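> A predicted structure for the sequence below; I have some questions about it.
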Amino acid sequence: MPEKHFTVKVESDHIKKLTAAKPIPALAELIWNAGDADATRIDVEIETNDLGMHSIIVRDDGHGIPHGEIEHLFGKLGGSWKTRGARSKTKSRILHGKEGKGRFKALALGRVVDWNIHYRENGILLGYTVTIIREDLVDVRVSEPKAVDPALHTGVEVRITELDRAYRSLEADQAVNSLAQIFALYLTDYSELSIFVDHERVDPSKLIANHLKMPLGDIVEGDKRYSAELDLIEWTIISNDLDPFAQVKTRQKDRPRGQIAQTEDGKIEVWVKTWSEIIAECKARLRFVQDHLQTNVSKEASLKYLTETYDKYLTGIEVGEEDAA
């Protein structure tokens, strides 16, 4: 059967707004979708050629999307199945996206996006492709499903091509830390999930300075009782710069510079500082200590300190300058 097309039921200028995003948030949306699909491994790969960055791939081993559901999921915005269920289908994870907007963020990175999808139906592994091109955002192209190698697994591979430029922030040495900050709590809660960028694992544990679990009283609802506990996590997240929103938050007139929040009892504080600010503060403390250690102490001052500090041991003993020397 020939490839079929369907039209997204929304004004195209609205979709264009959805395709505007910075590289890391755009990539994060694709990773969130994979997590919502109950993936246990998500791989981000950057393909390059002689001209530089060629394509961006996000691959997961989630349950995929049945072909019969694709028009409902891609054909309109809002009314996503995620709004009707608070948890993912098989692993009961808390869902991130709820209005079907995240998939369009991929077009903030490149002109063409292909979703290569594998799913199981009646025990058979099937595969098909969905394609969206930026110039015609409302036209979604979907191939017919075909049986694929049963040795493969379910999941989705998102391939972004015809990139607008080379994205330095998506290379592993930068992206791993950025994604760890975004997915730290999620990866802590769902330890069965792993995220890799060019085979380097996103590890949020490097950002956790302290983690304390505090049991709370049971929550009673009708004839049901639920246990509860509070997770207190102290994060260490390093950045070289702050965006305009963060800069405003760190300069509030009723708080010390850098403090953006504090609980009423003062037990929990949230501070935001750049790496350069932390280094400057450490240098200031070091100078303070050095200034106070570099003092000239005379024999008279030493003798006075000795007699005053050890007076009870020196009772009846005369201590002169020669004894103190």
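Thanks, I have the structure now.
> torsion angles phi and psi at the residue positioned nearest the centre of the chain?
With distances taken as Cα atoms, centre = their mean, the residue of the chain nearest its centroid is I182 (1.2 Å). The phi/psi pair for I182 (degrees, to the nearest 10) reads phi -70, psi -40.
> mind checking pLDDT for it?
You'll see I182 listed with a pLDDT of 87.
> likewise I219?
So I219 comes in at 86 (pLDDT).
> could you give the number of residues near the closest residue to L27 other than its chain neighbours?
Leaving aside its sequence neighbours, L27 sits nearest to L170 (Cβ to Cβ, 6 or more residues apart in numbering; 6.2 Å). (C-beta placed from N, C-alpha, C; glycine too.) Applying other Cβ atoms under 10 Å, we find 22 residues neighbouring L170.
> so how far is W235 from L170?
Separation of L170 from W235 (Cβ to Cβ, to the nearest Å): 23 Å.
> go on, L125?
With Cβ to Cβ as the criterion, L125 and W235 are 41 Å apart.
> each with direction, which strands does the host helix or strand of I42 pair with?
Using DSSP states H and E, I42 sits in strand 41-49. Applying DSSP bridges, strand 41-49 is found paired with strand 52-60 (antiparallel), strand 194-197 (parallel).
> so which of those comes closest to G266?
Closest approach to G266 among these is made by strand 194-197 (35.7 Å; Cβ to Cβ).
> list the buried residues in the closest one.
I195, F196, V197 (16 or more other Cβ atoms under 10 Å).
> partner strands of the next helix or strand after it, parallel or antiparallel?
Downstream of strand 194-197, the next assigned helix or strand under DSSP H and E is strand 200-201. Strand 200-201 has the following sheet partners, assigned by DSSP bridges: strand 194-197 (antiparallel).
> who touches the strand it pairs with?
Contacts with strand 194-197, where a contact means Cβ atoms under 8 Å, 6 or more residues apart in numbering, come from 31, 40-44, 46, 170, 172, 175-176, 179, 183, 187, 201-202.
> give the buried residues for the stretch of helix or strand H118 belongs to.
Element membership of H118, judged by DSSP H and E, is strand 110-121. Across strand 110-121, burial judged by 16+ other Cβ under 10 Å covers G110, V112, V113, D114, W115, N116, I117, H118, Y119.
> how about stretch 182-191, which residues are buried there?
Buried residues in stretch 182-191 (16+ other Cβ under 10 Å): I182, F183, A184, Y186, L187, Y190.
> please apply the same query to stretch 158-170.
The neighbour-count check on stretch 158-170 (16+ other Cβ under 10 Å) flags V158, R159, I160, L163, Y167, L170 as buried.
> do the same with stretch 211-222
Buried residues in stretch 211-222, defined by neighbour count with 16+ other Cβ under 10 Å: none.
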